[in-house]
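# dropping a prediction and its sequence here:
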Amino acid sequence: MDKQWYQSLAEESMGGQLLSQETCLQLLTDSRIELLSLLDAAYAVRKHFHGREVTVHIINNVSNGRCSEDCNYCPQSKGSSAEIVAYTEKTEQEIVAEAKQAYAAGAHRYCMVYAGRRPSRQRTERIATLVKTIKAQYPIEVCVSAGIMDAASTRLLKEAGLDRLNHNLNTAAGRYGKICSTHTFADRLNTLKAARKAGLEICSGIIAGMGETAGELIELALMLRDLEAKSIPINFLLPIAGNRLKNVQNLSPGYCLRILCLFRFLNPQAEIRTAAGREYHLRSMEVMSLYPANSLFMDGYLNTRGKSRKDTLQMISDAGFTIKSDISAEELLLHETADAGDDDRAIPDLKSDADLHPARN
Ligand code: SF4
């Protein structure tokens, strides 16, 4: 592949053209690909639409565990014996206090996540009230992930001022039955369509490493393009003790970066997020993920801890990126003295009670 080949990837993507199926496959599988040249092309697209900004998201597990669904990759699922801290639902006071903390930590977006198949009417109303309260008090974007939702629920949340609804596609339609039997790929798709119809932005991503083929990754990237997903979290499956899904694919850092580049080229304007598994699978190449991706999670993921706040901000700052916040990464770093990072990534740590309730500490 010559210089022109890489350059045309960026030009076609920025011009709104679709890369051919053959090119997409090459991008993921061809051993002649030079990783730095590929990242450079993806960075041209990222820079064109998002500059050097990184959008930081902080997840809040509003409810945790005891889920009726059997998603086999999830420690909160009914078939998992992972030793998570389970609880039903935090109080409004705790959730709002944690939104305040997230804003002060430099988060651009606060993601409230509820375990479960679908929220009841009462829970949806509580979420709507929370969204109104948080939006009235802090200049932070709010995203909710609460399972399957219909037109009435998504409308209610839109009216309350919700910015985005998250519902991940996770894996390709043809593979969905292998990872979950209690709901379908169509259920997920219908929720996203309802959210779009209600005027909500869509956040929907994938989990790579569950045995999917390169073709299935391309299919997912194209589907998210058709859905006009504003935000695409790319998770890399973590081996969590107790989970029913045992065979975690060996994802090399290079392959993870290729996946991020693929999603960037096919979704040039979307917020591409390097999500769970960033530290574990990308290892020493972690910072390179910011070339195709323009977003990341700080303070861990849905079920596992991540790099410390200090190390995450330092990585962004060291690589010459800025964060999308009223407070700069450098300013935030002045207050981050303790390094709570854990370099032993052989087994990802589950979040502790203190991680799950930051406002109590
Ligand atoms: S992914 Fe969501 S729906 Fe599936 S088991 Fe986990 S919490 Fe429940």
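Perfect, thanks for sending it.
# okay, now residue 283: neighbour count?
Look at residue 283: counted by other C-beta atoms under 10 Å, it has 12 neighbours. The way it works is simple: take the backbone N, C-alpha and C, and place the C-beta from them, glycine included.
# please read the previous query as pertaining to residue 253.
The burial count for residue 253: 17, using other C-beta under 10 Å.
# low-confidence stretches in this structure?
Within the chain, the segments meeting pLDDT under 70 span 247-248, 337-347, 361.
# what residues does it put near the ligand?
The chain has residues 67, 69, 71, 74, 76, 77, 115, 147 near the ligand, with proximity defined as C-beta under 6 Å from any ligand atom.
# can you confirm the second one is in a strand?
No. Residue assignment for residue 69, taken from DSSP: H, G, I helix; E, B strand; the rest coil, gives coil, which places it outside any strand.
# element containing the residue positioned nearest the centre of the chain?
Geometric centre of the chain, nearest residue: residue 233, 3.0 Å, by C-alpha atoms, centre = their mean. Assigned by DSSP states H and E, residue 233 belongs to strand 231-236.
# which residues sit against that strand?
Identification of contacts with strand 231-236 by C-beta atoms under 8 Å, 6 or more residues apart in numbering yields 143, 164, 166, 168, 201-209, 224, 251, 256, 259-260, 263, 267, 270-278, 280-282, 293, 295, 297, 301.
# out of the residues of the chain next to the ligand, who's nearest residue 348?
Proximity of the residues of the chain next to the ligand to residue 348 was ranked by C-beta to C-beta; the top entry is residue 74 with 13.5 Å.
# how about the nearest residue to that closest one, chain neighbours excluded?
Once flanking residues are discounted, residue 74 sits nearest to residue 80: 6.6 Å by C-beta to C-beta, 6 or more residues apart in numbering.
# shouldn't that neighbour be in contact with residue 246?
No. Residue 80 is beyond contact range of residue 246, at 11.4 Å (criterion: C-beta atoms under 8 Å).
# show me the strands in the chain, by range?
53-61, 109-113, 141-145, 164-166, 201-203, 206-208, 231-236, 271-274, 295-298, 322-323 (DSSP state E).
# which single residue of the stretch 101-250 of the chain approaches the ligand most closely?
Minimum separation of the stretch 101-250 of the chain from the ligand (C-beta to the nearest ligand atom) falls at residue 115, amounting to 3.9 Å.
# contacts only, for that residue.
Residue 115 touches 61, 63, 64, 65, 66, 67, 76, counting by C-beta under 8 Å, 6+ apart.
# give me the buried subset of the residues you listed.
Buried subset of those (neighbour count, 16 or more other C-beta atoms under 10 Å): 61, 63, 64, 65, 67, 76.
# can you put those residues in CSV and add distance to residue 111?
Output for the buried ones among the contacts of residue 115, formatted as CSV (distance: C-beta to C-beta, whole Å):
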residue, distance to residue 111
61, 10
63, 13
64, 14
65, 17
67, 17
76, 15
